[in-house]
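> Next comes the sequence, and after it the predicted model I'd like to discuss.
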Amino acid sequence: MARIDDYHAARKIAVETLSKRPFANIAKQSGFDRPTDRTLDVPFLDRTYRIVYPEFEFSDTADSENAVPIQEQVLILHYLLPEQIPELSGTWVAYREIPGASFYFGAFVKRAVDPLKKVFGKNIGALIGAATHLAGQPVEPGDAAFEFALFPKMPLRLTVWAGDDEFPPEANILFDATAGRILSPEDLAWLAGMLVYRLIFLSSE
């Protein structure tokens, strides 16, 4: 697991790279709203962050005193890093199918898949309520399945099959086939985990 110092170092490297690029190019390919010629508005889960170029300072648009977690900053910056973000393929793949993901598969399961089926496998209604709060779009199949547009060109699909007296719950998380060309396998594992834990938090409110 990455240490907090590692995230600060990753943020510094990403900012150094992005600050040398024309802001118009970054904004256009990202798909984020551009309220001014130096800012981006970034919806992430149930918050919206504003990023100021070229420092790439983050603030929460709903509460400027609310600190933006460094892990979320790094994921957003890494999403912006590719010089060309590919268009969605429309083909869904499992995490294992992403190039280089096998090394992080255990962490991905522990961080995202296991909590998803443990919390919602016998409480499908809670998942439906939490997913609706995050603008998840129902899809098939599964007892509950939703697609989330975490970034404009980075959707995820979560599926849960409810457990019963005979069979344990099952869960799956799918990515667009282009995901590995935008974020690293480690970043994708963190992204999926952040979504799952935000759903868990919302379901407990």
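Received the coordinates, thanks. Numbers count the residues shown, from 1 in each chain.

> so residue 44 bridges to which residues?
Per DSSP bridges, the residues bridged to residue 44 are residue 47.

> if I read this right, it contacts residue 76, doesn't it?
Yes. Using Cβ atoms under 8 Å, residue 44 is in contact with residue 76, at 6.6 Å. Every C-beta, even on glycine, is put in place using the N, C-alpha and C of the backbone.

> Which residues are in contact with each of these two?
Listed as contacting both residue 44 and residue 76 by Cβ atoms under 8 Å, 6 or more residues apart in numbering are residue 151.

> What's the local residue count around residue 170?
By the criterion of other Cβ atoms under 10 Å, residue 170 has 16 neighbours.

> Next, the contact list for the closest residue to it other than its chain neighbours, please.
Residue nearest to residue 170 in three dimensions, not counting chain neighbours: residue 161, with 4.4 Å by Cβ to Cβ, 6 or more residues apart in numbering. Counting by Cβ under 8 Å, 6+ apart, residue 161 touches 121, 142-143, 169-171.

> can you check residue 131 too?
With contact set as Cβ under 8 Å, 6+ apart, residue 131 has these partners: 144, 146, 148, 158, 199.

> 6 Å instead?
By Cβ atoms under 6 Å, 6 or more residues apart in numbering, the contact set of residue 131 is residue 146.

> Could you export the helix or strand hosting it as CSV, CA atoms only?
Per DSSP states H and E: residue 131 is located in helix 124-133. The C-alpha trace of helix 124-133 is given here as CSV (Å, rounded to 0.1, in the frame of the first residue of the first chain):
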residue,chain,number,x,y,z
ILE,A,124,-29.3,-5.2,-2.4
GLY,A,125,-31.7,-2.4,-1.5
ALA,A,126,-28.9,-0.5,0.2
LEU,A,127,-26.8,-0.7,-2.9
ILE,A,128,-29.6,0.5,-5.1
GLY,A,129,-30.2,3.5,-2.8
ALA,A,130,-26.5,4.4,-2.6
ALA,A,131,-25.9,4.0,-6.3
THR,A,132,-28.9,6.2,-7.1
HIS,A,133,-27.3,8.9,-4.9
